[in-house]
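>>> A structural model of the following input is requested.
(chains A and B)
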Amino acid sequence: MNIGIRDLFLISPELSVIVLAIIVVSLDLAVRRKGVVIAVAVIGLLVPMVAGVSVWSDIRTTGADTAFNGALVVDEFALYFKFLTVTVLALLFLSSSEYASRFHPFQAEFYGLLLLSSAGLMLLPAAGDLITVYISLELASLPVIALAAYNKTRLKSLEAGLKYLMLSAVSSAVLLYGFAFLYGATGTLQLVSFDPAIPAIGQMLMNGESSIPFGGVAVMVGVVLVVAGFGFKLSIVPFQMWTPDVYEGAPTPVAAYLAVASKAAAFAVVLRVFYTGLDPVASDWSLLFAVLAAITMTVGNVIAIAQTNVKRLLGYSAIAQAGYLLMGVAAYVGSGPDPELGIEAVLFYLAGYAAMNMTAFFVVMAVTNRTGDETIDGLAGMGRRAPLLAALLGLALLSLTGIPPTVGFIGKLFLFNAAINADMLWLAVIGLLNSVLSAYYYLSVVRVMYLRESDNPIRITLPLYAWAALAVTSCAILVLGLWPGGLLEVARQAALNLV
Amino acid sequence: MINEAAVWAIVGLPLLGGFLIIAVLRPWTRSLWQASASVGIVAIGGAFALSLWALNSVRGHHGESIGFSPHSWFTVGGDVTQGAFELTIGVLLDPLSAMMAVVITGVSLLVQVYSLGYMRKAANAEDGAFVDYPRYFAYMSFFTAAMLGLVLAYNLIQAFLFWELVGLFSYLLIGFWFHRPAAAAAAKKAFIVTRIGDFGFMLALMWLFSHRGEFLVRGQNPFEIPDINSAAPLLSASLVTWAALGLFAGAVGKSAQFPLNTWLPDAMEGPTPVSSLIHAATMVAAGVFLVARMFPLFEASSWVLNVVALTGGVTAVIAATMALVTNDIKRVLAFSTVSQLGYMFIALGVGAPGVALFHLLNHAFFKCLLFLSAGSVHHSVQTFDMRYMGGLRAWMPVTYGLTVIAGLSLAGVFPLAGFWSKDEVLAAAWSISQLTPGTGAGVVGQATFWLALVAAGMTAFYVFRLIILTFHGEFRGGIEAVPMADRAADEAHSHVHKGESPLSMLVPMSVLGLMAIGSGAVLNSVIELGPVPAHWFSHFFNEPSPELVVWIAGLSMTLVLGGITLAVAIYGMKWFDLARMPKQWHMLNRVLDQRYYMDYFYETLVVRRALFKGVFLASDWIDRKVVDGTVDLVGWAGRNTGKFVGQLQSGQVQAYGIAVSVGVITLLWTYLVRS
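Numbers count the residues shown, from 1 in each chain, chains lettered A, B, ... in the order given. Presented below is the predicted three-dimensional model:
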């Protein structure tokens, strides 16, 4: 049970993020100008990036590796999400600098908490056993509770924080309960094992042959509770109810963080747990995910249509998008053709989803920050008042709808294809119907921006670094939509680690 | 012989022009709007020249395509050697795409030149309405590029990509006068209704993907158009049927066929040149193009072909009846377009794609001209309502003459363009009913023949009603006579200008006028005409020469003349007074005026009542309220445990906790029941 230099090397991305968090918070004591703190935070994120690249090049040559006696699995799949999280975080910092000034003098803590939380998110996809899953999840969640309540003077923000706290606690309890059942049924917590002496959950499950789903009641109860616990993080129906409330109440950058980074890591850990740990009982859980996917996207889209608050709208949209993503999780084919297609589709769509959802959130953040009006009607006349911002939000919404040539189109195409590949044509059809339905409310926003006049004279301007963040995300929407090949190959390589 | 780069440039030039206008000219030279117009026109002119070159290049290929091999885009699945396949991107240049490219670029060029005059007039309007010329010309360029990308697409994914872009730019163009609420609503309606059809298109793509094995074993690609078409006769029946039906659903949406026909009349809220380009010559023809493009696939399922023909026949008649009573000149033309597209689908359905394309070509010319004439009329009287026109020939002789030419062509009067292609449609429908009597196809051929014949008579009637109401009789005051309540906000201070439209409008119209006269007789002549061989158009598509069936031509001409006579009798000579007709006639009139209540059914009943109020708001309400109510029942004590908790929105947290538990229990229960 030695912990060596190599273990530290393998988690150097996470370590550097934590160190950066400490630096950012303590730097705040020394320097007065908040701009310096932000600059350090953004530039400092280059360190985990570089660390990630060096780990990646190491793994490319030696193959996937484990750290801390199998507690962490460092492979291309885990690294894919580390890069995604760090990139999302850097863009979030850039775009939210102006918004965060309302937290004065506590901006540095705001960034510090985000960094700490994302260290948890980066560990999550690398989890090699259930204990690591749980600890990483809590590491990621606890700072978010404080962040959701960060608008201390706004009752709604406090409410969002408290809601997130309580429901996070409930879902953690449910998840832990599920883990206990799984442990009881199999006697192990390992998801994967590179060491034949250590059994993994999957190996233990292989033995059970029974007519009961999952081979036994204990595993069944365990899996259902695990799905419920993760379902909260994924915001899938019926565990989605907190999402619109928290998105509406929490500071907009925190909502964006929850919608993008947190959701991506949650999908990663679900893929890891189910595709490696619970692989032998896949035929039982894949249908469960398929049904939940169908319900989730339908509920999200249907309720989104009636929304009047733009942040709530994005909340329901996030629920619907989680439903599309869940299609990829459900598309398990085992030893069938192209077994990596489902995971590949989820990975690709998560990157594209990050680009389009961040674009949407950044624009909404910029506008509501100026106007203080969070209703959809408050966006009226944006086409004239802020033509570029309106165009970018329009692009993001078209992409969320799935209209070419955006990444949303290619990404959905791949998710649908993955479902069909797994003989779930019905699910793909429901997904298609939903994407038609979603056009209605996404376009309503576009219509309000362009086709309705406003007597509000406020012009919306943005600082240069926020423009830079928007430029990156919006270009990604188009570039990934037109030339998806490169990222698809990276996603495929990452996906192959799980099949 | 054309090279591949030049074919790409057909799409690229208008695209580049659009970018140049929107990114360079619009921000810097807002006052010099002619600059952006010139860029748009030069770009489309270049594309037109290249399209002619392309057409000339495919002439010697006997209906085959010029084989430009496609380029790899990205790979679906993992290893190409193990059942994965590549998505490609490329150009497919064959007679069909070359002809479409020439029609699109040609009409777009003429319409943009026309816009020079038409839009300038709109700019000088005294109401001070905001008109953004660079934006207009940029959208026109982008739209044209998307349409060209669609017709030249090598695989179906690529085609779908451009198909959606066409819809998107049409959305932006219909909503161009966005300060009018009606325009904004119409834009959205067009987009959503066509997307319902696109759902079918997507479904067809999914279906092809799920049956990719059938292609891969033959070394073919499930999305490449030439592969699908060559494999079509060998594919399994269910694959062919569902794929073709899905594609046809897309075509029905884009081409505004029954039952998705309701968006086109509303789309007339867009600027008139837009209507003439998009809603007469190009986008609405995309559905016809798609079926023609995938024709071998449709041919492999006689059942689907029958659906196509019947949809076309029913639409041709329904839309024509709606046109009979409409007072808005542009909407009459919109209904007429839907009806004529129905003719094209009849031709496709009875197995004569060449005939459908011939009608598409002729229709593009005369219908585009009719729209431009309507724009010219509006230029003078500032309204589209024919009840306030009349007598315009006094000061618009050129517009009058051209409208009559286009109208006669549309009505199908010998020897104008419309006569030839409409006659070929009728002959094709009749011949299939004679070749295979008693079979499904034969019955459908017979039925569509009579439907098309009835529609032909009605067409003649509404065209002459339009001409007489607009140009003959007494002038009824134009916009100045329209009650204020019926005017749009920006029409409040409009005035009538008694005078002919400027040359920039009349010249493109005259070019179209020549085509409306001659394109039928010259391009697919029954006899050799000097340099043009007989049946050139059919041979260009490598199709059999259609025969001129004299009795069919005579019958249709009789009906057409009957329709014209009736229109003259009612509206010209006033031999009948429609107001004194019996009550039943007024009821019928009302049903037609309300378009058979289709809009009422879709919008009020389905969307507003059932979906919006019934489902969407109810779900939202349940989401907000019922969960709270559950908590109240479960126990209000929990909410008051702490002062702060009491301040929460009525304690939804507990409700959410309960929902989580209920969810878990439901899932477990489901599994237990299953086992």
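
>>> what number of residues lie near B:L369?
By other C-beta atoms under 10 Å in any protein chain shown, the residues close to B:L369 number 31. Heads up, the C-betas are built off the backbone N, CA and C, glycines and all.

>>> One more: B:W575?
10.

>>> Distance-wise, check it relative to B:A567.
Counting by C-beta to C-beta, to the nearest Å, the separation of B:W575 from B:A567 is 11 Å.

>>> ok, for B:E480, nearest residue in space, not its chain neighbours?
B:V496 (5.7 Å; C-beta to C-beta, 6 or more residues apart in numbering or on different chains).

>>> got it, and A:A100?
A:A100 sits nearest to A:Q107 (C-beta to C-beta, 6+ apart), 4.7 Å away.

>>> Now that the one you found has come up, it's in contact with A:G35, right?
No: in this structure, A:Q107 is not within contact of A:G35 by C-beta atoms under 8 Å, at 9.7 Å.

>>> Which one of the two is surrounded by more residues?
A:Q107 (22 against 13).

>>> The stretch 201-350 of chain A against chain B: which residues are in contact?
Counting by C-beta under 8 Å from any C-beta of the partner chain, the positions of the stretch 201-350 of chain A adjacent to chain B are A:211-214, A:220-221, A:224-225, A:227-228, A:231-232, A:237-239, A:241-242, A:245, A:284, A:288, A:299, A:302-303, A:305-307, A:337-338, A:340-341.

>>> Just the buried residues from those residues, in ChimeraX please.
Paste this into ChimeraX to select the buried members of those, with burial taken from 16 or more other C-beta atoms under 10 Å in any protein chain shown:
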select /A:212,213,214,220,221,224,225,227,228,231,232,237,238,239,241,242,245,284,288,299,302,303,305,306,307,337,338,340,341
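
>>> Which members of the residues of the stretch 201-350 of chain A next to chain B occur in helices, if any?
Those of these mapping onto helices are A:220-221, A:224-225, A:227-228, A:231-232, A:242, A:245, A:284, A:288, A:299, A:302-303, A:341, per DSSP state H.

>>> and of those residues, the nearest to B:Q584?
A:V302 (43.6 Å; C-beta to C-beta).

>>> pretty sure the closest one is touching A:L437, no?
Yes: using C-beta under 8 Å, A:V302 is in contact with A:L437, at 7.3 Å.

>>> what are the phi and psi angles of A:H104?
phi -50, psi 130 (degrees, to the nearest 10).

>>> close enough to count as contact, it and A:R32?
No: in this structure, A:H104 is not within contact of A:R32 by C-beta under 8 Å, at 11.5 Å.

>>> tell me, what's touching those two both at once?
Counting by C-beta atoms under 8 Å, 6 or more residues apart in numbering or on different chains, A:H104 and A:R32 have no common neighbour.

>>> Is there a neighbour count for B:R487? I'd like the number.
Applying other C-beta under 10 Å, we find 16 residues neighbouring B:R487.

>>> shaky segments in chain B?
Across chain B, the ranges flagged by pLDDT under 70 are B:27, B:29-33, B:63, B:77-83, B:120-131, B:178-179, B:489-490, B:604-656, B:674-675.

>>> and the longest helix for it?
For chain B, the helix that runs over the most residues, judged by DSSP H, is helix B:440-471.

>>> CA atoms of the helix or strand just after it as CSV?
Note on helix B:440-471: by DSSP states H and E, the next helix or strand toward the C-terminus is helix B:503-523. Provided in CSV are the C-alpha atoms of helix B:503-523 (Å, rounded to 0.1, in the frame of the first residue of the first chain):
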residue,chain,number,x,y,z
LEU,B,503,-37.1,49.8,-65.5
SER,B,504,-35.0,47.9,-63.0
MET,B,505,-38.3,46.1,-62.2
LEU,B,506,-39.7,45.9,-65.7
VAL,B,507,-36.6,44.5,-67.3
PRO,B,508,-36.3,41.3,-65.2
MET,B,509,-40.1,40.9,-65.5
SER,B,510,-39.8,41.1,-69.3
VAL,B,511,-37.1,38.4,-69.3
LEU,B,512,-39.4,36.1,-67.3
GLY,B,513,-42.2,37.0,-69.7
LEU,B,514,-40.2,35.7,-72.7
MET,B,515,-39.6,32.5,-70.7
ALA,B,516,-43.2,32.2,-69.8
ILE,B,517,-44.1,32.4,-73.4
GLY,B,518,-41.4,30.2,-74.9
SER,B,519,-39.8,27.8,-72.4
GLY,B,520,-42.5,25.2,-73.0
ALA,B,521,-42.7,25.2,-76.7
VAL,B,522,-38.9,25.6,-77.3
LEU,B,523,-37.3,23.4,-74.7
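
>>> Identify each buried residue in helix B:503-523, please.
The neighbour-count check on helix B:503-523 (16+ other C-beta under 10 Å) flags B:505-506, B:508-513, B:515-523 as buried.

>>> what packs against it?
Counting by 3 or more C-beta pairs under 8 Å, 6 or more residues apart in numbering or on different chains; DSSP states H and E, the packing neighbours recorded for helix B:503-523 are helix B:95-123, helix B:353-381, helix B:397-411, helix B:417-435.

>>> so after that helix, what's the next helix or strand?
Counting by DSSP H and E, the next helix or strand C-terminal to helix B:503-523 is helix B:536-540.

>>> And for that next one, what's in contact with it?
Contacts for helix B:536-540 (C-beta under 8 Å, 6+ apart): B:59, B:63, B:95, B:99, B:354, B:358, B:361, B:523-525, B:533, B:544-546.

>>> what angle sits between whichever helix or strand comes after that helix and helix B:440-471?
Per DSSP H and E, the first helix or strand lying C-terminal to helix B:536-540 is helix B:550-567. With axes from the mean of the first three to the mean of the last three C-alpha atoms, to 10 degrees as the basis, helix B:550-567 and helix B:440-471 are set at 30 degrees to each other.

>>> Show me which positions of helix B:550-567 end up buried.
Neighbour-count burial for helix B:550-567 flags B:I552, B:A553, B:S556, B:M557, B:L559, B:V560, B:G563, B:I564, B:L566, B:A567 (criterion: 16+ other C-beta under 10 Å).

>>> Turn these into JSON lines, including distance to chain A.
Below are these laid out as JSON lines (distance: C-beta to the nearest C-beta, whole Å):
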{"residue": "B:I552", "distance to chain A": "42"}
{"residue": "B:A553", "distance to chain A": "44"}
{"residue": "B:S556", "distance to chain A": "40"}
{"residue": "B:M557", "distance to chain A": "45"}
{"residue": "B:L559", "distance to chain A": "41"}
{"residue": "B:V560", "distance to chain A": "41"}
{"residue": "B:G563", "distance to chain A": "40"}
{"residue": "B:I564", "distance to chain A": "42"}
{"residue": "B:L566", "distance to chain A": "42"}
{"residue": "B:A567", "distance to chain A": "38"}
